[in-house]
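In: Coordinates only, no sequence provided:
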């Protein structure tokens, strides 16, 4: 006997069950400035995560890097930001934490895999609270066109003097030696000054000296680094003052220039675009210096939006991010972004392996303006951009630029005042 | 006979939508932004009332004042290029398009107006490519006249960047004054022109003696629109030079200065109250310009009924 009522009730029950199943699926949205990484997240990282946690759907939702800070802060204020927040190092995230937008992660299982240095960029000044899971650092150096080097019979330079002589050789052979422009400004500071600088200010010694007030930008290694940077001027492409960052990337990958002052993140960008062999050498030391220093800059981390309704799921994701599996996946999916967890990781990309090997040869440091020094007005990092670009444009001498940066810092930073 | 006129409800109904929308989306945010500019963040991150201290800081503190004066100076230069190039050019094009002897008028009108409807992001991108010393065609173009050696990284030098961007902006917007002038010129009755012709005036004399005086109200409107547009400008500079408005702030105008301050940049934290203060200064400058136009120009214009 057919009973429509019972069938109906059964159907309802089935529907309700299916509905409950759907309701358990939470969706996590990741805010990020890494729009280059969209494919990697969608095709590699998120599927690997879903293999363990099929019920948590993850959406990677990037914003253009130049707009990320502004857009993210507006969204956090308005309460419309995603569940997981990609953290800029130091003050921007610290500010978000202090405003209560980022949740504390002190109790997150897996945080013990990260060293204090790795966590320093996402901890409070006294180290009592950590609020983002460190994802990766980037290392500075020089990527070169190995085919061109072979053609000219050049080997990787060991000292800065050798480096300059090679630039002259390349110039004489009719190629563009160094590929960089100054219109976007940040390359001049980031891939110029902070790339070669640590060798002059002796890495952490100089950086911490700035913070403690024992050395200024207008003395010792910090001026030396500006002088070394100014040596690049004759070797930059014609019209470099109006060359943008994407221009420079295209210029190098088209094989028009020999050496690209780089951050390791370029590996993943260049790899699919070049049809020549690439090599990399670390910033050459000044003649007579034994110890080399590299900028191994803690760059990117992930935290939880304190206002997220999916807090548990977000923590699950972050905990997974502390595993060996994630470190290996991420390091290989994004050659040039080096995992910070102390799991042993092997990288398939030889160029990335070259960069990460420098960790065993050189003393690491981070960019000088990032910790504490960019809190005042004028902003130290913004000033370094402007003045490094002006040194390379030839509108300021290295000494003038160094004095200007120091004036800006002394203006508000007590330990640097009245030395 | 004591019947009062009923209250004109229909007037209220007709005025309401514009009044409500304008109040909610323009007047209220403007006043709220001005209010916000009198606050400053205290040590505990709450905003406290500080009166006009932000304005004093912005105009006298060595960390702020040089940037403000630089932005204002650049903004006036930006405006001057538009007044000296864009508007005379617009007038010239309109005069040519309204002339009897010009052919293909509709085609020219459309082509000259086209840049105005393009996205400013596209314009910034195209001109960055055209002017690029690496792939651009500005060098090849100068080469046509044997002047290749004059090519410069136009957007990368402090001496040329702002004027170059002003001219790009002129290229983009010249269609607006052109159309406004054209509409005014076409509206002049033919009898006036014919009468002048009969009296023996040549084309030059007709233009400056008859047509130009008759479109003076439009000249004023174009001037004030240019002023307001230029002092609110931001997008072209931002798309070509980013928020740093380089080189060395040579292209920094009030809009980019505001953006950098209000939203922050890279490691530079956002400073919303000082941003609101810059917005307040922009408002005051634009208000002063518009009032000057209203009282010194528009009210003195002779109205001629045609």
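Out: Looks like it arrived, so ask away. Quantities reported herein were computed from a predicted structural model and do not represent experimental measurements.
In: so what's the residue of the stretch 1-150 of chain B found nearest chain A closest to, chain neighbours aside?
Out: Here the residue of the stretch 1-150 of chain B nearest chain A is residue B:133; by C-beta to the nearest C-beta that distance is 2.3 Å. Bear in mind the C-beta positions are built from the backbone N, C-alpha and C, glycine included. Residue nearest to residue B:133 in three dimensions, not counting chain neighbours: residue A:239, with 2.3 Å by C-beta to C-beta, 6 or more residues apart in numbering or on different chains.
In: can you pull the contacts of the residue nearest to residue A:391 when sequence neighbours are not counted?
Out: Nearest non-adjacent residue to residue A:391, counting by C-beta to C-beta, 6+ apart: residue A:401, 4.8 Å away. Applying C-beta atoms under 8 Å, 6 or more residues apart in numbering or on different chains to residue A:401 gives the contacts A:226, A:387-388, A:390-391.
In: next one: residue B:64
Out: Contacts of residue B:64 (C-beta under 8 Å, 6+ apart): A:377, B:57-58, B:274.
In: Check those and tell me the two furthest apart.
Out: Maximum pairwise distance in these, criterion C-beta to C-beta, is 11.8 Å, between A:377 and B:58.
In: Who has more neighbours out of these two?
Out: Set residue A:377 next to residue B:58 and count neighbours by other C-beta atoms under 10 Å in any protein chain shown: residue B:58 wins out with 21 against 16.
In: need the contact list for the more buried one.
Out: Per C-beta under 8 Å, 6+ apart, neighbours of residue B:58: B:64-65, B:68, B:274, B:277-278, B:281.
In: cutoff 10 Å now
Out: B:37, B:52, B:64-65, B:67-68, B:261, B:274, B:277-278, B:280-281 (C-beta atoms under 10 Å, 6 or more residues apart in numbering or on different chains).
In: and the residue of chain A nearest chain B?
Out: Relative to chain B, the nearest point of chain A is residue A:239 (2.3 Å; C-beta to the nearest C-beta).
In: Please report phi then psi for residue A:141.
Out: With angles defined as degrees, to the nearest 10, residue A:141 sits at phi -180, psi -160.
In: Same question for residue A:322.
Out: Per-residue torsions, residue A:322: phi -90, psi 0 (degrees, to the nearest 10).
In: For it, give me its contacts.
Out: Contacts of residue A:322 by C-beta under 10 Å, 6+ apart are A:105, A:108-114, A:133-134, A:341, A:343.
In: How about residue B:160?
Out: Going by C-beta under 10 Å, 6+ apart, residue B:160 touches A:241-242, B:131, B:152-154, B:247, B:250.
In: quick one: which two of those are the most distant?
Out: Longest span within the contacts of residue B:160, C-beta to C-beta: B:131 and B:250, 15.0 Å.
In: in the lengthiest helix in chain B, what's buried?
Out: Longest helix in chain B, counting residues (DSSP state H): helix B:272-292. Of the residues in helix B:272-292, B:272-283, B:285-286, B:289 count as buried by neighbour count, 16 or more other C-beta atoms under 10 Å in any protein chain shown.
In: now stretch A:91-100
Out: Buried residues in stretch A:91-100, counted by 16+ other C-beta under 10 Å: A:91-97.
In: quick one: low-confidence ranges for the chain?
Out: Unless you meant another one, I'm taking chain A. Across chain A, the ranges flagged by pLDDT under 70 are A:1-24.
In: ah, I was thinking of chain B
Out: Scanning chain B for pLDDT under 70 picks out B:1-3, B:303-306.
In: And the strands in it?
Out: B:39-41, B:47-49 (DSSP state E).
In: Distance to chain A added to those, as JSON lines?
Out: Listed next are the strands of chain B as JSON lines, based on distance: least, C-beta to the nearest C-beta, whole Å:
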{"stretch": "strand B:39-41", "distance to chain A": "11"}
{"stretch": "strand B:47-49", "distance to chain A": "13"}
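In: Looking at those strands, which one is packed in the most?
Out: Across those, averaging neighbours per residue (mean count of other C-beta atoms under 10 Å in any protein chain shown) puts strand B:39-41 on top, at a mean of 17.
In: Could you let me know which of the contacts of residue B:58 ends up closest to residue A:43?
Out: residue B:261 (39.7 Å).
In: For the closest residue to that closest one other than its chain neighbours, give me its contacts.
Out: Of all residues not flanking residue B:261 in the chain, residue B:275 sits nearest, at 4.4 Å (C-beta to C-beta, 6+ apart). Contact analysis of residue B:275 by C-beta under 10 Å, 6+ apart lists B:33, B:36-37, B:54, B:257-264.
In: Chain A: strands as residue ranges?
Out: Ranges of strands within chain A are A:26-32, A:56-62, A:84-87, A:133-145, A:176-178, A:257-263, A:278-281, A:293-304, A:338-339, A:363-365, based on DSSP E.
In: can you redo these as CSV with distance to residue B:211?
Out: Shown next, in CSV, are the strands of chain A (distance: least, C-beta to C-beta, whole Å):
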stretch, distance to residue B:211
strand A:26-32, 58
strand A:56-62, 55
strand A:84-87, 61
strand A:133-145, 63
strand A:176-178, 56
strand A:257-263, 57
strand A:278-281, 66
strand A:293-304, 63
strand A:338-339, 71
strand A:363-365, 70
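In: Ok, which of the ones you listed comes nearest residue A:155?
Out: strand A:278-281 (9.3 Å).
In: Give me the distance between the residue most central in space within chain B and residue B:173.
Out: The centre of chain B sits closest to residue B:229, judged by C-alpha atoms, centre = their mean, with a distance of 2.3 Å. Residue B:229 is 7 Å from residue B:173, where distance means C-beta to C-beta, to the nearest Å.
In: Common neighbours of these two, please.
Out: In contact with both residue B:229 and residue B:173: residue B:82, using C-beta under 10 Å, 6+ apart.
In: Looks like residue A:198 contacts residue A:367 (just checking).
Out: Yes: between residue A:198 and residue A:367 there is a contact at 9.1 Å, judged by C-beta atoms under 10 Å.
In: More neighbours: which of these two?
Out: Neighbours were counted for residue A:198 and for residue A:367 using other C-beta under 10 Å; residue A:198 has more, 29 against 26.
In: if you skip the residues just before and after it, what's nearest to the more buried one?
Out: Computed as C-beta to C-beta, 6+ apart, the closest residue to residue A:198 that is not its neighbour in sequence is residue A:293, at 3.7 Å.
In: What is the burial count for the one you found?
Out: Neighbours of residue A:293 under the rule other C-beta under 10 Å: 27.
In: Over to the one 5 residues further on?
Out: Close neighbours of residue A:298, defined as other C-beta under 10 Å, add up to 24.
In: so who does it touch?
Out: Each residue near residue A:298 by C-beta under 10 Å, 6+ apart is listed here: A:89-90, A:117-122, A:134-138, A:340, A:364, A:366-367, A:370-371.
In: give me that answer again for 8 Å
Out: A:89, A:117-118, A:120-122, A:134, A:137, A:340, A:366.
In: Can you flag which of these belong to helices?
Out: Mapping the contacts of residue A:298 onto helices (DSSP H) picks out A:117-118, A:120.
In: any chance of those in TSV, plus neighbour count and distance to residue A:46?
Out: TSV is the format used below for these (neighbours: other C-beta atoms under 10 Å in any protein chain shown; distance: C-beta to C-beta, whole Å):
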residue	neighbour count	distance to residue A:46
A:117	16	29
A:118	22	24
A:120	18	28
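In: Which member of these is positioned nearest residue A:28?
Out: Nearest to residue A:28 among the ones in helices among the contacts of residue A:298, counting by C-beta to C-beta, is residue A:118 at 23.4 Å.
In: burial measure for the nearest residue to the closest one once chain neighbours are set aside, as a count.
Out: In space, and not counting its chain neighbours, residue A:118 is closest to residue A:340: 4.0 Å by C-beta to C-beta, 6+ apart. Residue A:340: 24 surrounding residues under other C-beta under 10 Å.
In: Please list all residues in contact with residue A:340.
Out: Each residue near residue A:340 by C-beta under 8 Å, 6+ apart is listed here: A:114-115, A:118, A:134-137, A:298.
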